[in-house]
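Novice: Below are the sequence and a predicted model for it; my questions follow.
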Amino acid sequence: MNSLNGNMQSMEMSAYHSAQSAGSLHKLAAVARIKWLCISQNAMIMIGPVLVIGMVYVCKILYGINSGGTLVPFMRGVLLNIGITMNICAEGFIMVGTSIAEEKESHTLRVLMTSSITGIQYFIGSILFPFMILMAVNYFVLFISGIPMDIVPWGSFFFVSMVVSLTSCVLGMSVGICAKNQMNANLISYPFLMVFMMVPVFGNMSEGLRRISGFLFTGVMTGMTECLAEGEKYVMSSLDIAVLFGELLISILVFLVLYKRNGYEKD
């Protein structure tokens with residue numbers, strides 16, 4: 001294990017240093033490649049998307065057996081909401097946050113202060129692969145949930161899923177910047193999970209939670225999936241758009257403040 005960690009650290013350091021003399025796209029690609037190495041070689045992170053997809057699929061089979069082979073709309077909505085919110089929150093916060101915390105432990109993040117990699121290159125490179133994974137799992141969950149595909153507004157689903165996944169990744173970066181190590185990153189993620197995952201999932205059980213859910217970016221996503229589960233046409237409201245872009249902007253500003261406050265912004 002120590003040998004593996006040592007190899008990872010040396011690979012990260014060499015990639016960051018080699019990016020100093022490369023062009024902008026090569027620098028961004030170098031950051032993204034190292035992020036992918038961190039994520040793909042962490043079994044605890046990589047098993048998460050598989051568990052989400054597997055859980056939704058198994059629950060669909062089990063509930064289908066109990067209901068004569070056909071899921072009622074309410075149960076389709078529950079499966080879809082749990083699968084997507086678990087993917088967005090658990091994987092988004094933990095996947096990105098843990099990878100940044102791992103860099104802080106190995107001190108490779110400090111290399112940014114003396115390298116020519118800019119903050120925006122690090123930002124994009126850090127969330128590129130996690131963002132793609134979140135988007136892919138959202139579509140997998142949609143396909144296996146039992147929702148009729150002919151009622152899905154693909155444009156709206158892609159847009160909402162994209163903004164929600166991006167917001168989750170940015171919040172995960174803030175978690176990683178604040179965390180002292182990987183274990184601490186997981187602990188910091190729990191309050192985010194409780195709010196952004198549990199409130200929308202249990203929104204159907206309480207009118208108060210439903211109202212709060214409408215002001216969360218994950219709540220906008222679950223609102224769409226509930227309409228799809230009921231076979232209703234989803235129409236994005238002005239409040240939904242304001243919540244999506246407002247919380248994305250806030251999450252980016254929070255990250256930038258934390259990034260600079262922790263001394264990673266070059267003068």
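Specialist: Structure's in. What do you need? Being a predicted model, the structure only gives us computed values, none of them experimental.

Novice: which SSE is the closest residue to Val141 other than its chain neighbours in?
Specialist: Leaving aside its chain neighbours, Val141 sits nearest to Gly83 (3.8 Å; criterion: C-beta to C-beta, 6 or more residues apart in numbering). No exception for glycine: its C-beta is placed from N, CA and C like everyone else's. If you go by DSSP states H and E, Gly83 is part of helix 73-86.

Novice: Quick check: buried residues in that helix?
Specialist: Under the neighbour-count criterion of 16 or more other C-beta atoms under 10 Å, helix 73-86 has Met75, Arg76, Gly77, Val78, Leu79, Leu80, Asn81, Ile82, Gly83, Ile84, Thr85, Met86 buried.

Novice: Name the nearest of these relative to Phe140.
Specialist: Checking these against Phe140 by C-beta to C-beta gives Gly83 as the nearest, at 8.6 Å.

Novice: ok, now which ones touch the closest one?
Specialist: The neighbours of Gly83, taking C-beta atoms under 8 Å, 6 or more residues apart in numbering as the test, are Val52, Ile53, Met55, Val56, Val141, Ser145.

Novice: Kindly state the pLDDT recorded for it?
Specialist: At Gly83, the model reports a pLDDT of 90.

Novice: quick one: it and Gly203, what's the gap?
Specialist: Distance, Gly83 to Gly203, by C-beta to C-beta, to the nearest Å: 16 Å.

Novice: that older thread, output the contacts of Gly83 in JSON lines, with neighbour count and secondary structure appended to each entry.
Specialist: Listed next are the contacts of Gly83 as JSON lines, based on neighbours: other C-beta atoms under 10 Å; DSSP: H, G, I helix; E, B strand; the rest coil:
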{"residue": "Val52", "neighbour count": "23", "secondary structure": "helix"}
{"residue": "Ile53", "neighbour count": "18", "secondary structure": "helix"}
{"residue": "Met55", "neighbour count": "15", "secondary structure": "helix"}
{"residue": "Val56", "neighbour count": "25", "secondary structure": "helix"}
{"residue": "Val141", "neighbour count": "26", "secondary structure": "helix"}
{"residue": "Ser145", "neighbour count": "25", "secondary structure": "coil"}
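
Novice: Need those residues in CSV (columns: pLDDT).
Specialist: Shown next, in CSV, are these (pLDDT from 0 to 100):
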residue, pLDDT
Val52, 90
Ile53, 91
Met55, 88
Val56, 88
Val141, 92
Ser145, 83
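
Novice: which helices and strands does the helix or strand where Thr218 lies pack with?
Specialist: Using DSSP H and E, Thr218 falls within helix 217-229. Counting contacts by 3 or more C-beta pairs under 8 Å, 6 or more residues apart in numbering; DSSP states H and E, helix 217-229 is packed against helix 73-86, helix 154-178, helix 199-201, helix 207-213, helix 238-261.

Novice: re earlier: Throw the contacts of Gly83 into JSON lines and include distance to Glu91, thanks.
Specialist: Shown next, in JSON lines, are those (distance: C-beta to C-beta, whole Å):
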{"residue": "Val52", "distance to Glu91": "7"}
{"residue": "Ile53", "distance to Glu91": "11"}
{"residue": "Met55", "distance to Glu91": "13"}
{"residue": "Val56", "distance to Glu91": "13"}
{"residue": "Val141", "distance to Glu91": "11"}
{"residue": "Ser145", "distance to Glu91": "17"}
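
Novice: Report the contact partners of Pro168.
Specialist: No, residue 168 isn't Pro; it's Ser. Neighbour list for Ser168: Ile88, Cys89, Glu91, Gly92, Phe93, Val96, Leu134, Phe196, Phe217 [criterion: C-beta under 8 Å, 6+ apart].

Novice: Among those, which one lies nearest to Thr225?
Specialist: Nearest to Thr225 out of these is Ile88 (C-beta to C-beta; 11.5 Å).

Novice: what's that closest one in contact with, if anything?
Specialist: Leu134, Asn138, Val164, Ser165, Ser168, Phe196, Met197, Thr218, Met221.

Novice: So for those residues, which is the shakiest by pLDDT?
Specialist: Minimum confidence in the contacts of Ile88 sits at Met197, scoring 89.

Novice: Any figure for the gap between that residue and Ala136?
Specialist: According to C-beta to C-beta, Met197 and Ala136 sit 19 Å apart.
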